[in-house]
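Novice: kindly return the folded structure for what I paste below:
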Amino acid sequence: MTPDDIPFQLELFMRVLVTGASGHIASAVIPELVNNAHQVVGLARSDASAEAVAALGSEVRRGDLDDLDGLKAAAAEADGVIHLAFKHEAMRTGDFMGAVDSDLAAIQAIGETLIGTDKPFVTTGGTLMLAMAGITGRPGNEDDQSAGGPRVDAANYTIGLARHGVRSSVVRLAPMVHSDLDHHGFTHALIGFARQNGVAAYIGNGSNRWPAANTYDIGVLYRLALEKAPAGSTLHGVGDTGIPRKVIAETIAGKLGIETKSITDEQAPQYLGFLAAFAGLDNPTSNDKTRRLLEWEPTHPGWVEDVQTGHYFA
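Specialist: Residues are numbered from 1 along each chain as shown. As a prediction, the model looks like this:
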C-alpha cells in the first residue's frame, strides 16, 4: 500500500452542503449523513423540493445550479460539499451539452470557494465516460483518466483541486443506480421504452456490459468519500461490475411478459430514445480500488435481483 492509499481519517462531524438534495442519489446520501451525525444543508429549487429535502432530515437552502453566487456563499459556510445536482431534464430533452456546461460552471464556482481550505469536495461523474473515451476490452478502473470531454472536464477540474488545498474526489456512478428510491433513472427509462415498443431491445448480440449499483450502497460510498477519501481520488460507484445488455433486456422482458429484440445501431433511437447513444457501449467497470481505499463493501441486492422483486413495475 502506497501513501496515496492511506485514507484520510475524519475525527469531527461536519456541516455538509448537498446539491441535488431532492434527487434520487440524495435520498440515500442525506439519511446516511444524518444517521452518522453530520449536519446537512440541502439545496432545493422549489417548494416541493424543499419539502422533500426537509423530510430527509436536512436543513433547506433555496437555490439552483444557475445561481453561482449562491453556491459560493453556501459552500463557504459548509465544512464540506457533496455535489449531486445535474440537469437531467435537459439531457432527456436533447440538451446534454447545456446540462454539462451548467454542471462544470457550478463545480468551478464551488471549487474556487474551497481553495486553500482543505475541506472535502465530492463531485459526480459516470462510468460510461470511460467507454466513450475508448476504454474497451477490459474493466475500466479508477486510474483510467481522459484528457477532456463532456463531464470529464468537470471531473478533471475536481481532481485538480487537490493541488490547491481541497480534499477533492469524484464518484463515477454506474449508469444504472437502482433501488426502490429510483423513480426516474435509466432502469425506469429502459422499462418505459420496452412498454412503449412491446419489446425489450438490445443492440447486436447484447454482449456489451453495463455496470450497476444499489442506491443504498451509493449513499454509504458518498459518506465515506466525504469523510476519508484522499485528495484527488477517483472512486467507482459500482456494485455489479458488468451485466450484459441482453440479460438486462431479458430481465425487463420477463417482468413485462414481452419478447426481447436485437436491433441495429441505426434502429436504436426508435427503440431506446435518449439512451440510444449509450446503449451499445461496453462498460465493464472495476470497483477494487474504491473498496480497498474506503473499506466500502456493497451489501444490497444487485440489479437483476432488485428488478425481479417487482417494485419497478408496481
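
Novice: quick one: the helices in the chain?
Specialist: Using DSSP state H, the helices of the chain run over 26-35, 47-55, 68-77, 88-92, 96-114, 128-132, 152-160, 186-197, 215-228, 245-256, 268-272, 276-279, 288-294, 303-308.

Novice: take those helices and write them to a markdown table, including distance to residue 62 and mean pLDDT.
Specialist: No exception for glycine: its C-beta is placed from N, CA and C like everyone else's. Output for the helices of the chain, formatted as a markdown table (distance: least, CB to CB, whole Å; pLDDT from 0 to 100):
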| stretch | distance to residue 62 | mean pLDDT |
| --- | --- | --- |
| helix 26-35 | 15 | 98 |
| helix 47-55 | 7 | 97 |
| helix 68-77 | 8 | 98 |
| helix 88-92 | 19 | 74 |
| helix 96-114 | 15 | 94 |
| helix 128-132 | 31 | 94 |
| helix 152-160 | 24 | 97 |
| helix 186-197 | 28 | 98 |
| helix 215-228 | 22 | 98 |
| helix 245-256 | 38 | 98 |
| helix 268-272 | 36 | 98 |
| helix 276-279 | 33 | 94 |
| helix 288-294 | 32 | 98 |
| helix 303-308 | 34 | 98 |
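
Novice: relative to residue 239, which of these is closest?
Specialist: Smallest distance to residue 239 across these (CB to CB): 5.6 Å, for helix 215-228.

Novice: next one, pLDDT for residue 234 please.
Specialist: pLDDT, residue 234: 98.

Novice: next, the contact list for it, please.
Specialist: 142-143, 145, 155, 159, 169-170, 172 (CB atoms under 8 Å, 6 or more residues apart in numbering).

Novice: let me know the closest of these to residue 58.
Specialist: Residue 58 lies nearest to residue 169 out of the contacts of residue 234, by CB to CB, at 21.1 Å.

Novice: do I have it right that that closest one meets residue 122?
Specialist: Yes. Here residue 169 reaches residue 122: they are 5.2 Å apart, a contact under CB atoms under 8 Å.

Novice: what residues are shared contacts of these two?
Specialist: Joint contacts of residue 169 and residue 122 (CB under 8 Å, 6+ apart) are 225, 229.

Novice: what distance do you get for residue 55 to residue 125?
Specialist: For residue 55, the distance to residue 125 (CB to CB, to the nearest Å) stands at 28 Å.

Novice: sorry, wrong one. I was asking about residue 76.
Specialist: Plainly put, residue 76 is 24 Å away from residue 125 if you go by CB to CB.

Novice: what's the answer for residue 172, then?
Specialist: Taken as CB to CB, the span from residue 172 to residue 125 is 5 Å.

Novice: now do the shared contacts for those two.
Specialist: residue 155.

Novice: quick revisit: higher neighbour count, residue 76 and residue 125?
Specialist: Neighbours per residue (other CB atoms under 10 Å) separate residue 76 from residue 125, with residue 125 holding more: 23 against 13.

Novice: the more buried one contacts residue 173, doesn't it?
Specialist: Yes. Taking contacts as CB under 8 Å, residue 125 lies within contact range of residue 173: 7.1 Å.

Novice: okay, domains of this structure per the record?
Specialist: For the chain, the domain assignment from automatic domain parsing gives the residue ranges 3-179+213-239+284-301, 186-209+243-279.

Novice: which of the ones you listed sits most buried?
Specialist: Stretch with highest mean neighbour count among those: domain 3-179+213-239+284-301 (a mean of 20; mean count of other CB atoms under 10 Å).

Novice: need the contacts of residue 234 in JSON lines with distance to residue 234, can you?
Specialist: Below are the contacts of residue 234 laid out as JSON lines (distance: CB to CB, whole Å):
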{"residue": "142", "distance to residue 234": "5"}
{"residue": "143", "distance to residue 234": "7"}
{"residue": "145", "distance to residue 234": "7"}
{"residue": "155", "distance to residue 234": "7"}
{"residue": "159", "distance to residue 234": "7"}
{"residue": "169", "distance to residue 234": "7"}
{"residue": "170", "distance to residue 234": "5"}
{"residue": "172", "distance to residue 234": "7"}
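
Novice: between those, which sits nearest residue 196?
Specialist: Nearest to residue 196 among those: residue 172, at 29.7 Å, using CB to CB.

Novice: look up how far residue 133 lies from the closest one.
Specialist: Applying CB to CB, the value for residue 172 to residue 133 is 12 Å.

Novice: cool, residue 301 as well?
Specialist: Distance of residue 301 to residue 133, computed by CB to CB: 30 Å.
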